[in-house]
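[1] fold the following.
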Amino acid sequence: MNTILQLLEPLIGREIWIGDDRGTVIEIHDAPPALILRAENSPDAFQVDHLGRPRSMTQPTWTQPITSDSGRHLHPDLQRQLPSETARALEDFIKARQG
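    Presented below is the predicted three-dimensional model:
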C-alpha cells in the first residue's frame, strides 16, 4: 500500500466538515489524493440509471481533494480537523510531489 493511502485510510468512517458541509469519509482515492464523503446534512436523492430513470434513493456523496485550491498545501478545513501528525505527514507528502 502506498504512503498516501496509509495516511488517509484511518479517516474512513470519520465525520469531516468542509465549509458548511458535513460528511462522513466512505472511501479514499490516491491519484489524485481525495476523500469521498457521504453528505450528512442533505436529504436523500434519487439515483438514476444510464437513461436517467430513477432507480433508488441514496445519500448524496462528493469528492473532496485533500489539497487547497492552489494544490500546494493541505486543505485548511482538513488541516484543522486531523490529528497534527497526520496533517504534517500529508503536508509533507503534498510538498514532496511538487518536486
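[2] contacts only, for the residue nearest the centre of the chain.
    In the chain, the residue lying closest to the centroid (CA atoms, centre = their mean) is residue 35, at 2.0 Å. By CB atoms under 8 Å, 6 or more residues apart in numbering, the residues touching residue 35 are 8, 11, 16, 25, 27, 28, 29, 63, 64, 66. (Each C-beta comes from the backbone N, C-alpha and C, glycine too.)
[3] show me the two of the residues you listed that sit farthest apart.
    16 and 29 (14.8 Å; CB to CB).
[4] which of these two has more neighbours?
    residue 16 (19 against 16; other CB atoms under 10 Å).
[5] that one: what secondary structure?
    Going by DSSP: H, G, I helix; E, B strand; the rest coil, the secondary structure assigned to residue 16 is strand.
[6] show me which of the contacts of residue 35 are buried.
    Listed as buried from these are 8, 11, 16, 25, 28, 29, 64, 66; burial here means 16 or more other CB atoms under 10 Å.
[7] OK, contacts around the nearest residue to the last one once chain neighbours are set aside?
    Same thing as residue 66. What sits nearest to residue 66 in space, not counting adjacent residues and going by CB to CB, 6 or more residues apart in numbering, is residue 33, at 4.7 Å. Shown in contact with residue 33 (CB under 8 Å, 6+ apart): 4, 8, 65, 66, 67, 90, 93, 94.
[8] hang on, isn't the fourth one packed against residue 72?
    What it means is residue 66. No: counting by CB atoms under 8 Å, residue 66 does not reach residue 72; the two are 11.9 Å apart.
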